[in-house]
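K.L.:
give the three-dimensional model of this entry:
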Amino acid sequence: MKLEQLGWNEDFAQEFKQYEIEGFSVGRIALEHKRMYRVFCEEGELLAEVSGKFRFGAAGREEYPSVGDWVVIAARPEEGKATIHAVLPRFSKFSRKIAGRTTEEQIVAANVNTVFLVNALNNDFNLRRIERYLIMAWESGATPIIVLSKADLCEDVETKLADVESVAFGVPTYVVSSIENKGLEPLHQYLQPGQTVALLGSSGAGKSTLTNYFIGNEKQIVQEVREGDDRGKHTTTHRELVMIPNGGLIIDTPGMRELQLWESDDASEQVFHDIHELEEQCLFSDCKHQSEPGCAVKNAIAEGTLSQGRYDSFLKLQKELAYLERKADIRAQLAEKEKWKKISMFAKKR
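P.N.:
Sure, this is the predicted structure:
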């Protein structure tokens, strides 16, 4: 494999120089399973794990390699194995809070150029979910693209397209049908050689079908959605980087049952800029948008120019961000404490 086919560029090369002089090589994480990794590199595909020094120095799971990461490796091609010594700086990462009560970052995909936010035009269509995905996509550093799939199952495509465009300001949106092979051709422009696209969306949205279309074979098994609510079964069970014939790369991801924000302050202003602009028009700078006179937000809801559902979604996401900010300080303190605990234990052993 040539590194350029995998998305290697001059910025990564500069970061790698300090390791190259030590005799290390480099690869890209294609698959991760319980801290074991499949790595694409010039030597081929190798099975890898992190070094003991790496494990000792990692403060949390976010410092471990994720799918899409470029990693510094000591390759042993004769064994089909490698040891990972470092992760090169990421230019983008799509993160969420891990499911459950634990406040910890899960990196879904790294070093992604474009994110396809795949939403099915069936009973599982949900504007509020699209808003949430948009916030996380903008925050990732990648460019979001909305793909409205399964158009063949929708009788009011134009209405739903207008609904999406009302919340996804300036984001390119494509209506596609894999069954009828319609609307797919324009998506190829985002899969140029060396470019990486991540497919994100709920189960049954059609991500695996799209992956099969781009790859040109049935690599991903496709399952039928449930009757009644059109919710999908989990076809993809893990995140995986896949090379496609034209030289582009796709990261297919499992459907996310729980999509909680990680960090999104700036992205929130981008996705909800209509609400932020209204807030600036309120009579009082500290307006709570409840019973204050001259509230532009409440007036917009009353006039129908701002939907109550969109405003409720905005409030819910703001509460999540405030919670995460409080937890971030606690996490930083605990990480620092754990770091010095490890250093102290190592010193005593010496």
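K.L.:
and the chain, what are its domains?
P.N.:
Domain ranges of the chain: 3-87, 93-252, 265-346, per automatic domain parsing.
K.L.:
mean pLDDT for the ones you listed: which is lowest?
P.N.:
Set side by side, the domains of the chain show their lowest mean pLDDT on domain 265-346, which sits at a mean of 76.
K.L.:
which of the domains of the chain sits most buried?
P.N.:
domain 93-252 (a mean of 19; mean count of other CB atoms under 10 Å). Just so you know, the C-beta spots here come from the backbone N, C-alpha and C atoms, and that holds for glycine as well.
K.L.:
could you tell me the end-to-end distance of it?
P.N.:
14 Å (CA to CA, to the nearest Å).
K.L.:
repeat that for stretch 281-289.
P.N.:
One end of stretch 281-289 to the other measures 11 Å (CA to CA).
K.L.:
what lies in contact with it?
P.N.:
279, 292-298 (CB atoms under 8 Å, 6 or more residues apart in numbering).
K.L.:
check those residues and tell me the two furthest apart.
P.N.:
Farthest apart among the contacts of stretch 281-289 by CB to CB are 279 and 293. That separation is 15.1 Å.
K.L.:
ok, the spatially most central residue of the chain to residue 132 distance?
P.N.:
The centre of the chain sits closest to residue 94, judged by CA atoms, centre = their mean, with a distance of 3.1 Å. Here the criterion is CB to CB, to the nearest Å. By it, residue 94 lies 12 Å from residue 132.
K.L.:
same check, this time on residue 211
P.N.:
22 Å.
K.L.:
what do you get for residue 24?
P.N.:
With distances taken as CB to CB, residue 24 is found 39 Å from residue 132.
K.L.:
ditto for residue 114
P.N.:
For residue 114, the distance to residue 132 equals 18 Å [CB to CB].
K.L.:
residue 247 in helix, strand or coil?
P.N.:
Of the three states, residue 247 takes coil under DSSP: H, G, I helix; E, B strand; the rest coil.
K.L.:
give me the element the residue nearest to it when sequence neighbours are not counted is part of.
P.N.:
Leaving aside its sequence neighbours, residue 247 sits nearest to residue 193 (CB to CB, 6 or more residues apart in numbering; 3.1 Å). Counting by DSSP states H and E, there is no helix or strand that carries residue 193.
K.L.:
quick one: residue 193 and residue 246 touch, right?
P.N.:
Yes. Under the criterion of CB atoms under 8 Å, residue 193 makes contact with residue 246 at 6.7 Å.
K.L.:
and residue 28, what helix or strand is that in?
P.N.:
Short version: residue 28 belongs to strand 25-33, going by DSSP H and E.
K.L.:
ranges for the helices of this protein?
P.N.:
10-20, 52-57, 127-140, 157-167, 207-215, 265-271, 273-280, 296-303, 308-349 (DSSP state H).
K.L.:
how long is stretch 180-199 from one end to the other?
P.N.:
For stretch 180-199, the first-to-last residue distance is 20 Å (CA to CA).
K.L.:
OK, contacts around the residue nearest to the centre of the chain?
P.N.:
Residues near residue 94 by CB under 8 Å, 6+ apart: 107-110, 112, 115, 136-137, 140, 142, 198, 200.
K.L.:
thanks a lot, catch you later.
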